[in-house]
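Asks: build me a structure from this.
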Amino acid sequence: MTNDRIIGIDLGTTNSCVAVMDGNDTVVIPNAEGSRTTPSVVGFSGSGERLVGHVAKRQAVTNPKLTIAAIKRLMGRKADSPEADRQRNTCAYDIEATKNGDAWVRVNDKLMSPPEISAIVLGEMRAVAESYLGESVSRAVVTVPAYFNDAQRQATKDAGLIAGLAVERIINEPTAAALAYGFDNKNDETKRVAVYDLGGGTFDISIMELEEGVFSVKSTAGDTFLGGEDFDYCLIHHLADQFKEETSIDLREDKMALQRLKEAAEKAKHELSSALETEVNLPFIATTEAGPQHLIRTIARDEYEALVEEIIQKTFVPCEQALNDANMTKEQVDEVLLVGGMTRTPLVQSAVADYFGKQPVRGVNPDEVVAVGAAVQGAVLSGQAEEVLLLDVTPLSLGVETGGGVFTPLIERNTTVPTRKREIFTTSIDNQNFVPIHVLQGERQMAEDNTTLGTFELTGIPPAPRGVPQIAVIFDIDSNGIVSVTAKDLGTQREQTIRMTAGSGLSEGDIERIISEAQAQHNKDELLKMLAEARLAAESIIYTTERALEGYGEMIPQEDREIIQDDILALKEAMDGEDAQLITEFTAQLEGSAFRIAETLYANAEDDSEEPV
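Replies: From the prediction side, this is the model:
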């Protein structure tokens, strides 16, 4: 049975989240591990096993080249772009170019596109929702950074399609956050809200007006390659540079060491949000002729803040642009809403408060509010909730290349969508029988400096002196911010329309093939996932039990020690097979026998007190 409800998914760079409207309440759905957010991490093995979320993140150190994280940053990117180069500096997996120059990821013997990887994460979110609802789910509202261009939005929609989801609406993350925050605001008072969204990989600022259930975006700006990953990047390179200075070893050249360093940097970043200092402790991180080398550093919060201060200041450049585009001053902003995990950082909070001259709102969970807003929009679209008028904008100007390589905008940035714009052009040389239409998006004066969305030709124009033919170019932007362009010769009425194709490089045929493969392999993938999870659980219990035997084996009766060792051997033999159920049974058996270690230790413990405390 298919559920008519539309789920809301925040497809994040670092973590993803899914929510749904249940009655009058919006529920953030926890995953199987009880966590309300799921790491946007996908892991692969050499034999084709696939892991998603926490279980994929846990095996990243031992399998760094086949653990794909922060794939959202490569959506719609070229392999030779500065952003792709920066991604290579902090990830262990291989980023390669397709024949079209798109940035794809090497997984074993094949290249996979960012939408394919993202589809695996979306599929996991779909499964989490289905487990909660007890019914299949086929419709979703998916969020994207407000500053995503058309190619990145198309790639996100493709990912949803591959995951078996009809993406009913693509909604900007700051808009979704404001929708969740102001859903009950039905009074006549107009609120001007600045949504400051600093996530794992992107930054957005949106200036909005909220009044009587109308959400009107006045302007938006941002940077699609600025976020928590850059905070990690600073800390990684700071630690790596210090270690290299002391040992002459560059940890960035060792994929496994780099992954360990990345995880340690991320952990330190989180701890420094609540503590004044933290320790990075990475034993046996490298080896020299002198022996094993360890990286042990204490990092104070002020040292960390000095490293990332420049990143935070970069966010205020788009803030200034958004305020100018909205014809508004900082003083006219009534409230500032913080969204995204990085806004938990004390320095971010204080810097935003200083910039806007007011304390940000703290009544929302920055990790969950975007998914909640998407779920609200889903409930509106499915008829579960009262209609809300949502007026969003296009983040970048759209136009065509004209004579001399000039970029001529037809739709200016921050125009409310959906929208349509028509402009008349003509030929530039005598007897020109076709007109090339080069569609671009961006803010630069010259065409070559902007992003190409697509090119096509309007042919069959009758011979005429230059300047005589009249060519109408019509831009349509739908509510998802996705563009289609029509060119029409007003003399012959000949017309051609192009819907911009995703910068992911996936054609409709590619998408259909991937969906067919996924459906055919679904049962096999489920079995492989169960097997991989069972082996990981088994490895964990074997490791902890063997360490316990090494430390306390002499204190345990010989008979118990032999039972435990036999169970370890039996579990290792089961792990060599392909039976996940058998591995799980032997794991439970070892867990039971391993309890004898603790029972023996505590039975022999001495306590001078008369009663247990």
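
Asks: what about Val352, which helix or strand?
Replies: Taking DSSP states H and E as the definition, Val352 sits inside helix 346-356.

Asks: quick one: strands adjacent to the longest strand that the chain contains?
Replies: In terms of residue count, the longest strand belonging to the chain (DSSP state E) is strand 277-288. Strand pairing for strand 277-288, using DSSP bridges, gives strand 291-300 (antiparallel).

Asks: what is the mean pLDDT for the partner strand?
Replies: When pLDDT is averaged over strand 291-300, the result is 92.

Asks: need the strands for the stretch 451-600 of the chain, in chain order.
Replies: With DSSP state E, counting those that start in this stretch as the criterion, the stretch 451-600 of the chain has strands at 451-459, 471-477, 483-489, 495-499.

Asks: let's have the ones you listed in CSV, adding mean neighbour count, distance to Phe243 and mean pLDDT.
Replies: C-betas here are computed from N, CA, C, even on glycine. Output for these, formatted as CSV (neighbours: other C-beta atoms under 10 Å; distance: least, C-beta to C-beta, whole Å; pLDDT from 0 to 100):
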stretch, mean neighbour count, distance to Phe243, mean pLDDT
strand 451-459, 16, 39, 79
strand 471-477, 19, 49, 86
strand 483-489, 20, 47, 84
strand 495-499, 14, 51, 69
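
Asks: before we move on, the earlier item: tell me which residues of the helix or strand just after the helix holding Val352 come out buried.
Replies: Remark: after helix 346-356, the chain's next helix or strand is helix 369-382, criterion DSSP H and E. Neighbour counts over helix 369-382 (16 or more other C-beta atoms under 10 Å) mark 369-380, 382 as buried.

Asks: do stretch 274-290 as well
Replies: Thr278, Val280, Leu282, Ile285, Ala286.

Asks: and which of these is nearest Ala487?
Replies: Each of those was scored against Ala487 by C-beta to C-beta, and Val280 proved nearest at 57.7 Å.

Asks: didn't that closest one look like it was pressed against Ala264?
Replies: Yes - using C-beta atoms under 8 Å, Val280 makes contact with Ala264 at a distance of 4.9 Å.

Asks: follow-up on the earlier one: for the strands of the stretch 451-600 of the chain, which one sits closest to Pro174?
Replies: strand 471-477 (18.1 Å).

Asks: tell me, how many residues neighbour Lys293?
Replies: Actually, residue 293 is Gln. It isn't Lys. Neighbour count for Gln293, taken as other C-beta atoms under 10 Å: 17.

Asks: ok, now Arg50?
Replies: 18.

Asks: for the strands of the stretch 451-600 of the chain, which one sits closest to Asp302?
Replies: Between the strands of the stretch 451-600 of the chain, strand 451-459 lies closest to Asp302; by C-beta to C-beta that is 39.5 Å.

Asks: now do that closest one: distance to the chain's middle.
Replies: 30 Å (C-alpha atoms, centre = their mean, to the nearest Å).

Asks: for that strand, which helices and strands make contact with it?
Replies: Contacts defined by 3 or more C-beta pairs under 8 Å, 6 or more residues apart in numbering; DSSP states H and E place strand 451-459 against helix 150-162, strand 434-441, strand 483-489, strand 495-499.

Asks: same thing but at 10 Å, please
Replies: helix 150-162, strand 398-402, strand 434-441, strand 471-477, strand 483-489, strand 495-499 (3 or more C-beta pairs under 10 Å, 6 or more residues apart in numbering; DSSP states H and E).
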